[in-house]
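Chemist: everything below, folded, please.
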Amino acid sequence: MNSLDPQVRDFILFCIDRRGADWPAIYDEMAGVAGQRLFRGLGRTELRQLGLSLALDSLDKTLEQVKQAAAQDQQA
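Modeler: Residues are numbered from 1 along each chain as shown. You can find the predicted model right below:
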């Protein structure tokens with residue numbers, strides 16, 4: 001499993017705190033938060049540069065990243 005960028009992990013956890021980790025609700029929340037730049041001013045472009053794509057053709061990877069962030073948070 002690839003390591004998540006800390007900003008990506010924190011973004012995902014921010015969204016989980018707002019909406020929960022259930023799919024697809026978490027995807028909708030992440031898209032909304034990114035669209036409005038509610039987390040540290042990060043939008044879709046910045047998140048993609050950090051390794052998190054919200055594109056529909058990347059949903060499998062995005063879901064795995066959500067699971068990874070949630071698991072890391074539970075271990076902490």
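Chemist: could you use CA atoms for every contact and neighbour count after this?
Modeler: Will do.
Chemist: list the buried residues of the one helix or strand in the chain whose mean pLDDT sits lowest.
Modeler: One helix or strand of the chain scores below all others by mean pLDDT, DSSP states H and E: helix 59-75, with a mean of 94. Buried residues in helix 59-75, counted by 16 or more other C-alpha atoms under 10 Å: Thr62, Leu63, Gln65, Val66, Gln68, Ala69, Ala70.
Chemist: and which of the residues you listed is nearest Glu46?
Modeler: Thr62 (15.0 Å; C-alpha to C-alpha).
Chemist: quick check: that closest one touching Ser53?
Modeler: Yes: under the criterion of C-alpha atoms under 8 Å, Thr62 makes contact with Ser53 at 6.6 Å.
Chemist: and the gap between Gly20 and Glu46?
Modeler: Distance of Gly20 to Glu46, given as C-alpha to C-alpha, to the nearest Å: 23 Å.
Chemist: rewinding a little: who are the packing partners of the least confident helix or strand of the chain?
Modeler: If contacts are counted by 3 or more C-alpha pairs under 8 Å, 6 or more residues apart in numbering; DSSP states H and E, helix 59-75 sits against helix 6-19.
Chemist: centre-most residue in the chain?
Modeler: Geometric centre of the chain, nearest residue: Ile12, 3.4 Å, by C-alpha atoms, centre = their mean.
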